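A.B. asks: Here is the input, now give the coordinates:
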Amino acid sequence: MHHPEKEDDMGSAANVEGTDTSEEEAGLTKLWKEVRELSLGCGSDVERLHLPPSPIQFLRDFVMPNKPCIITDGLPHWPALTKWTNAYLTALLQNQIVSLHFTPNGRADSVVKPTINSDSCFVSAHVERIPFPAALEYIAGSEHWERGAVAYAQEQNGCFMSEYSLLAQDVETDIPWATEALGSKPEAVNLWIGNERATTSFHKDHYENLYVVVSGEKHFLLLPPTDLHRMYIKEYPAAHYVRSEENGEFKIELDTPLRYVPWSSVDPYPPSSQAEQERMLFPRYFNGPKPFECTVRAGEMLYLPSLWFHHVKQTPDSEGRTIAINYFFRLIKKDSSAQSMFLGRGNQGDVPKHVKLANLQFTSSN
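C.D. replies: Take a look at the predicted model:
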């Protein structure tokens with residue numbers, strides 16, 4: 001569930017760079033900007049709602065137009081917002097074994113160039129199964145940082161109910177108004193615990209995603225599906241980190257059998273020494289309209305529509321961790337719109353069967 005691009009038919013985008021003439025490039029850029037303005041407006045802010053929308057409002061104003069939003073005060077009843085201290089979590093999960101992901105640089109599931117003379121590859125984290133108290137210490141305990149490993153609890157695949165089910169008493173395992181709007185319960189609920197050194201590279205998910213921050217902050221860069229050509233998708237050989245038990249050092253090994261993963265080549269925050277080169281390599285991203293940018297704080301929820309590209313950084317709380325829960329709902333095929341026409345989908349309106357179409361008269365909220 002973590003690498004939807006692997007299942008995607010993105011071959012048409014895999015060779016985006018270097019295939020357009022200047023005239024075609026100009027035409028593409030003009031069309032993409034017009035589509036973005038028509039469907040999402042000219043700004044780069046994500047709309048904020050004070051309270052959760054009704055199911056019809058959510059479906060009409062955000063799901064079907066494929067538009068993100070943030071709900072700022074929809075979870076005051078969650079005990080997790082006040083109870084999930086490090087002491088509480090450690091006591092409750094003291095006997096629980098969890099999956100902890102390690103990288104040397106905090107960039108799991110991203111494009112990495114192992115050496116100057118080697119080709120880039122898509123590298124997944126090294127994963128260890130360890131007791132939760134030790135995992136939390138790796139994440140929030142600064143003494144471990146000197147060893148060069150960045151730890152992140154990011155197992156996904158429904159890990160909340162499989163590894164952290166004892167915490168279910170403190171949150172909702174379902175978002176009722178979203179379930180009513182989308183016509184089904186979440187297909188997976190995942191827990192994330194990390195620190196400021198862990199980032200998530202640009203990618204997209206084939207799910208409607210509700211992302212709740214419990215502690216700390218998450219910082220998102222968002223690009224709609226119509227900006228696909230700005231992501232410079234390329235097929236990279238899949239690899240993984242291997243961590244030495246003796247000295248904790250990492251090395252990269254290619255997956256066997258060899259396989260390829262389509263992934264974005266863009267790093268929106270390149271090191272200063274590489275910034276100029278990155279701008280030259282990926283002009284569509286760096287010279288185009290700014291991504292939608294938002295910070296999701298503790299107690300807030302982000303609706304991240306299916307197929308939106310997103311890059312994520314985080315700021316921990318006073319206890320050294322950022323905690324979030326996300327809910328993956330099945331993808332809703334959107335109604336015919338500027339975005340679907342741009343992507344060549346045609347009319348794929350597929351709202352849940354229980355929703356009356358008379359209630360889905362579209363209104364502009366830009």
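
A.B. asks: where along this structure do the helices fall?
C.D. replies: All helices of the chain, identified by DSSP state H, fall at 11-14, 22-40, 55-58, 80-83, 86-92, 132-140, 159-163, 176-182, 275-281, 283-287, 338-342.

A.B. asks: list the buried ones in the longest one?
C.D. replies: Neighbour counts using 16 or more other C-beta atoms under 10 Å place 29, 32, 35-36, 38-40 of helix 22-40 among the buried residues. Where you see a C-beta, it was placed from the backbone N, CA and C, and this is true even at glycine.

A.B. asks: Going by distance to residue 284, which of those residues wins?
C.D. replies: Residue 284 lies nearest to residue 29 out of the buried residues of helix 22-40, by C-beta to C-beta, at 7.6 Å.

A.B. asks: Assess the claim that that closest one and residue 288 are in contact.
C.D. replies: Yes - between residue 29 and residue 288 there is a contact under C-beta atoms under 8 Å: 7.5 Å.

A.B. asks: The helices of the chain into TSV, with extra columns for mean pLDDT?
C.D. replies: Listed next are those as TSV, based on pLDDT from 0 to 100:
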stretch	mean pLDDT
helix 11-14	41
helix 22-40	73
helix 55-58	96
helix 80-83	97
helix 86-92	98
helix 132-140	95
helix 159-163	96
helix 176-182	95
helix 275-281	95
helix 283-287	93
helix 338-342	51
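
A.B. asks: quick one, which of those helices is nearest to residue 124?
C.D. replies: Closest approach to residue 124 among the helices of the chain is made by helix 159-163 (15.5 Å; C-beta to C-beta).

A.B. asks: Packing partners of that closest one?
C.D. replies: The helices and strands touching helix 159-163, judged by 3 or more C-beta pairs under 8 Å, 6 or more residues apart in numbering; DSSP states H and E, are strand 97-103, strand 188-194.

A.B. asks: Now tabulate those strands in TSV and tack on mean pLDDT, mean neighbour count and distance to residue 205.
C.D. replies: As requested, the helices and strands packed on helix 159-163 are arranged in TSV below (pLDDT from 0 to 100; neighbours: other C-beta atoms under 10 Å; distance: least, C-beta to C-beta, whole Å):
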stretch	mean pLDDT	mean neighbour count	distance to residue 205
strand 97-103	96	21	18
strand 188-194	97	24	10
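
A.B. asks: what would the ones you listed look like in CSV with distance to residue 161?
C.D. replies: Below are those laid out as CSV (distance: least, C-beta to C-beta, whole Å):
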stretch, distance to residue 161
strand 97-103, 13
strand 188-194, 6
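
A.B. asks: Those strands: which one's closest to residue 315?
C.D. replies: The closest approach between residue 315 and any of the helices and strands packed on helix 159-163, judged by C-beta to C-beta, belongs to strand 188-194 at 10.4 Å.

A.B. asks: helices or strands up against the closest one?
C.D. replies: Judged by 3+ C-beta pairs under 8 Å, 6+ apart, strand 188-194 is in contact with helix 132-140, strand 150-152, helix 159-163, strand 322-330.

A.B. asks: Recalculate using a threshold of 7 Å.
C.D. replies: In terms of contacts (3 or more C-beta pairs under 7 Å, 6 or more residues apart in numbering; DSSP states H and E), strand 188-194 is packed against helix 159-163, strand 322-330.

A.B. asks: Just put the ones you listed in a markdown table and tack on mean neighbour count and distance to residue 82.
C.D. replies: Listed next are those as a markdown table, based on neighbours: other C-beta atoms under 10 Å; distance: least, C-beta to C-beta, whole Å:
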| stretch | mean neighbour count | distance to residue 82 |
| --- | --- | --- |
| helix 159-163 | 18 | 19 |
| strand 322-330 | 23 | 13 |
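
A.B. asks: To residue 208, which of those lies closest?
C.D. replies: Among the helices and strands packed on strand 188-194, strand 322-330 comes nearest to residue 208, with 4.2 Å by C-beta to C-beta.

A.B. asks: I'd like the mean pLDDT over the closest one, please.
C.D. replies: Here strand 322-330 scores 97 as its mean pLDDT.

A.B. asks: swap in stretch 61-71?
C.D. replies: Here the average pLDDT along stretch 61-71 is 94.

A.B. asks: can you pull the buried residues of that stretch?
C.D. replies: 61-71.

A.B. asks: Which member of those is positioned nearest residue 239?
C.D. replies: Nearest to residue 239 out of the buried residues of stretch 61-71 is residue 68 (C-beta to C-beta; 31.7 Å).

A.B. asks: residues contacting the closest one?
C.D. replies: 46, 222, 292, 302-305, 308 (C-beta atoms under 7 Å, 6 or more residues apart in numbering).

A.B. asks: Repeat the analysis, applying 8 Å as the threshold.
C.D. replies: Contact partners of residue 68, counting by C-beta atoms under 8 Å, 6 or more residues apart in numbering, are 46-47, 62, 222, 292, 294, 302-305, 308.
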